[in-house]
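*Asks:* quick one: sequence and predicted model below, then my questions.
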Amino acid sequence: METTAPAAYEQKGVILHVENLSVSYGDRVIIRDINLSEKDTVRPNRQQGQIIAFLGRSGRGKSTLFRALTGMEKPATGRVLIPDLSKPVTDGQQPAKQVQEGDVGFVNQKYTLFRHKTVYNTLLFALRKTTLSKQEKDEKITQYLNDWGLTNCKDQFPNFLSGGQRQRTAILEQLLSSGHYMVLDEPFSGLDIGNIENVKKAFQLINQSHELNTIMFSTHDIELAVELADSIYIVGYKQEDNGQTGSVGTIVKHFDLKQMGLAWQERFTGQHLECVQEVKNIMLKS
Ligand SMILES: Nc1ncnc2c1ncn2[C@@H]1O[C@H](COP(=O)(O)OP(=O)(O)OP(=O)(O)O)[C@@H](O)[C@H]1O
């Protein structure tokens, strides 16, 4: 079988820590006992953010988990911690804080944009909470528009953008307004092959532009998740002691694709396909 050498990397400080998280709507518990921890992945001679995929059958609670990860939904129990970059490092550790609404960008499937704002003004609005001067904001936006291939639509309103331009603007808007973390709920759903490539490219741009940039996304496309992610979590129902399948979502399996030697490979190999098959089997049982 075709295999490739695993890429070298080191793991540094914790960038996302989810502890005993559960979310209920009224009396109904939707997700429970969610525990996960992700560290900053450092690769030699390159800037590398993290890409985390969440897979799971319909209704298992991925969107609910995302709402808790972005601080939009208050957990019934547990907490979500991210590094508090406003505090100095003490004893080699970056202090952590509980995630709050606004810390983590959220991009929905529809790539919603302000109808009455041009691309430039949308991005300017996204930077409103920063301490940058007017000129610094302009320079930053101009650079991003250039890097993301959006310079030509700077003064256009959303209705005049192509699907790809719209996606990139929506992703960029969230990136600028929230800092390093971004959640995308099914960003590939309903896209044609060209726009799938556009979103993949946007992931790459985010990933390579800062060490701490962290993309979390859900998808029903298992191959795409195995191709793009360096960590995959499967959200599903656990088997109860009596052999029945439960009805509360939790993490039923984690795949560390870095450790497995599958992350950041140029080519999709037989080992990737084996992983896809394993993910499918687990999803079918959960
Ligand atoms: N606001 C809400 N009030 C009550 N129940 C809700 C609410 N939002 C979601 N649910 C329920 O929570 C469960 C999980 O839904 P969620 O949207 O998180 O699943 P999902 O894994 O994202 O599904 P899909 O893959 O189909 O998008 C579902 O049974 C859903 O009906």
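*Replies:* Okay, I see it.
*Asks:* alpha carbons only for contacts and neighbour counts from here, please
*Replies:* Will do.
*Asks:* for the ligand, see how far away Lys238 is.
*Replies:* Lys238 is 14 Å from the ligand, where distance means C-alpha to the nearest ligand atom, to the nearest Å.
*Asks:* name the helix or strand for that residue, please.
*Replies:* Using DSSP states H and E, Lys238 maps to strand 231-239.
*Asks:* so what strands line up beside that strand?
*Replies:* Sheet pairing of strand 231-239 (DSSP bridges) gives strand 50-55 (parallel), strand 245-256 (antiparallel).
*Asks:* right, and the helix or strand after the shortest one?
*Replies:* The C-terminal neighbour of strand 50-55 among helices and strands, as given by DSSP H and E, is helix 62-69.
*Asks:* quick one: mean pLDDT for that next one?
*Replies:* Mean per-residue pLDDT for helix 62-69: 96.
*Asks:* what's the average pLDDT for the next helix or strand along the chain from that helix?
*Replies:* Per DSSP H and E, the first helix or strand lying C-terminal to helix 62-69 is strand 77-83. In this model, strand 77-83 carries a mean pLDDT of 96.
*Asks:* partner strands of strand 77-83, with direction?
*Replies:* strand 10-25 (antiparallel), strand 96-98 (antiparallel).
*Asks:* mean confidence for stretch 147-166?
*Replies:* On average, the pLDDT along stretch 147-166 is 92.
*Asks:* so which strand or helix has Glu274?
*Replies:* Glu274 is part of helix 270-284, with elements assigned from DSSP H and E.
*Asks:* out of the strands paired with strand 77-83, which gets nearest to Met182?
*Replies:* Closest approach to Met182 among the strands paired with strand 77-83 (C-alpha to C-alpha): strand 10-25, 11.9 Å.
*Asks:* the most centrally placed residue in the chain: helix or strand, and which one exactly?
*Replies:* The centre of the chain sits closest to Met216, judged by C-alpha atoms, centre = their mean, with a distance of 1.5 Å. Following DSSP H and E, one finds Met216 within strand 214-218.
*Asks:* which residues does that strand contact?
*Replies:* Residues outside strand 214-218 that contact it (C-alpha atoms under 8 Å, 6 or more residues apart in numbering): 49-55, 62, 180-187, 203, 207.
*Asks:* repeat that for stretch 251-262.
*Replies:* The set of residues external to stretch 251-262 that reach it, using C-alpha under 8 Å, 6+ apart, is 4-7, 33-35, 226, 229-238, 263-264, 271-272, 282, 286.
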